[in-house]
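Colleague: Curious how this folds, go ahead:
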Amino acid sequence: MPALSTYSIKGLPDWLRGLQAAMQAQQACILVTLVKAQGSVPREVGARMLVSEQGSIGTIGGGHLEWQAIQRAQTLLGQHQAMNCLESFSLGPQLDQCCGGVATLYYESYPTTQVTWLKTVLQRWQQGLTTTLSAYPHRWPHNGRGRTVLTVTPRQAAIELIEQTPGEFYLVECLGPPQFKLVLFGAGHVAQALVQILRLLACHIIWVDSRAALFPELASEQEASIDCRVTPPAAFAATQVPAHSFCLIMTHEHSLDLEICAHLLARSDLAYVGLIGSATKAARFRKRLSEQGLSAEQVANLVCPIGVSGIQAKQPAAIAIGVAAQLLQLHAAGCAALGEHAYAS
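Modeller: Down below sits the predicted model:
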């Protein structure tokens, strides 16, 4: 069976793509993961960085912590053996960083051979599926492939492991395609600026416009999780928007915006329906949507104007920053409610 190419898989994080490339090139590397955070630290649990002799991919927060982690990883690489270890840093006393918290890093050494869990993750990712993995660093001091593929959710896995061995330390995580899905109607200036921002994050974007010439080159890059749909936006809104999506409407015609709004607001399974425009536009749209038969509750789900408050600038990039911030806030709130950030220990 030929090796699975990561270039055909959209939405892969750089570190995962880099790990697969290193394995295919038979280059040893170290995966550094932030597995425990106490107090104020520069990144969240689950942040990671891949280190090889050629350099590093990803970030665990920059600064002195990251510099020390790279030096430690390079030392492990120089030992030419698969050795995993945990290391804790007190950011204030040890590293003279103002954060003041304690960060625990897990160093996983990967030799120049393929690993089963990586193949499983990539194959399932390509199918649109997530994979739950567990690691117990203390049990595998000399095994660079010490991860177990589980068949349950991260939260359930964490509960079971803690019940089986209370007091022990585990890392449980879920790797898979971005669960943050945005359907973006319109490819004008603000939409293009917004995509430039969100493509740097774990966000799957379905970008809809009937004008193919407006889609920039970035939209065709394999590493970006962007699907361009050259199709009439209203028809797409009526039948093809995935459930639980965040939806943004910013086409070139108000009549088209209204038609899309009507289709989306008639549904009850979308995370967000936002319309670019002023308070005046919002009032007119709500009146017309009500006249078309939508209920008061459905009309109330329309977010317009969009974006966080306090940004007065009207340049496309400024509007895009405000909208991106609002989307991230709402997505984070939804994840917290569902417990999706349950990297467990």
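
Colleague: can you map out the strands along the stretch 51-200 of the chain?
Modeller: 55-58, 85-90, 102-110, 131-135, 148-150, 171-175, 180-185 (DSSP state E, counting those that start in this stretch).

Colleague: Show me what the mean pLDDT comes to for the third one.
Modeller: It stands for strand 102-110. Here strand 102-110 scores 89 as its mean pLDDT.

Colleague: got it, and stretch 35-47?
Modeller: 87.

Colleague: Could I get the buried residue list for it?
Modeller: 35, 36, 37, 41, 42, 43, 45, 47 (16 or more other CB atoms under 10 Å). The C-beta positions use only the backbone N, C-alpha and C, and glycine is treated the same way.

Colleague: from those, which ones fall inside strands?
Modeller: 35, 36, 37 (DSSP state E).

Colleague: what pairs with the second one across the strands?
Modeller: Applying DSSP bridges to residue 36 yields these beta-bridge partners: residue 104.

Colleague: which stretches of this protein aren't confidently modelled?
Modeller: Along the chain, segments meeting pLDDT under 70 span 1-10, 93-99, 113-114, 136-146, 167, 217-224, 335-345.

Colleague: Nearest to residue 150 among the ones in strands among the buried residues of stretch 35-47?
Modeller: residue 35 (16.8 Å; CB to CB).

Colleague: Find the nearest non-adjacent residue to that closest one, please.
Modeller: Excluding its sequence neighbours, the residue lying closest to residue 35 (CB to CB, 6 or more residues apart in numbering) is residue 106, at 4.5 Å.

Colleague: rewinding a little: and the buried residues of stretch 35-47, which two are the farthest apart?
Modeller: Largest pairwise distance in the buried residues of stretch 35-47, by CB to CB, is 14.7 Å, between 35 and 42.

Colleague: And residue 187, how far from residue 257?
Modeller: 14 Å (CB to CB, to the nearest Å).

Colleague: between the two, who's got more neighbours?
Modeller: residue 187 (26 against 23; other CB atoms under 10 Å).

Colleague: which stretches of the chain form helices?
Modeller: Secondary structure of the chain by DSSP state H: the helices cover 14-24, 63-78, 116-126, 154-164, 189-198, 233-239, 254-265, 279-291, 296-300, 316-338.

Colleague: can I get those helices in a markdown table with distance to residue 225?
Modeller: Conversion of the helices of the chain to a markdown table gives the following (distance: least, CB to CB, whole Å):
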| stretch | distance to residue 225 |
| --- | --- |
| helix 14-24 | 12 |
| helix 63-78 | 25 |
| helix 116-126 | 11 |
| helix 154-164 | 21 |
| helix 189-198 | 9 |
| helix 233-239 | 18 |
| helix 254-265 | 21 |
| helix 279-291 | 30 |
| helix 296-300 | 30 |
| helix 316-338 | 14 |
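
Colleague: Which among those helices is found nearest to residue 246?
Modeller: Nearest of the helices of the chain (CB to CB): helix 316-338, 5.9 Å.

Colleague: now the closest one, how far from the centre of its chain.
Modeller: 12 Å (CA atoms, centre = their mean, to the nearest Å).

Colleague: Any buried residues in it, and which?
Modeller: 316, 319-324, 326-328, 330-331, 334.

Colleague: Send over stretch 156-165 as PDB, restricted to the C-alpha atoms.
Modeller: Coordinates of each C-alpha in stretch 156-165 appear next as PDB, following Å, rounded to 0.1, in the frame of the first residue of the first chain:
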ATOM      1  CA  GLN A 156     -15.300   9.200  28.500                       C
ATOM      2  CA  ALA A 157     -11.700   8.000  28.100                       C
ATOM      3  CA  ALA A 158     -10.600  10.400  30.800                       C
ATOM      4  CA  ILE A 159     -13.300   9.200  33.200                       C
ATOM      5  CA  GLU A 160     -12.500   5.600  32.700                       C
ATOM      6  CA  LEU A 161      -8.700   6.000  33.100                       C
ATOM      7  CA  ILE A 162      -9.100   8.000  36.200                       C
ATOM      8  CA  GLU A 163     -11.500   5.500  37.700                       C
ATOM      9  CA  GLN A 164      -9.200   2.600  36.800                       C
ATOM     10  CA  THR A 165      -6.000   4.200  38.200                       C
END
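
Colleague: Understood, closing this out.
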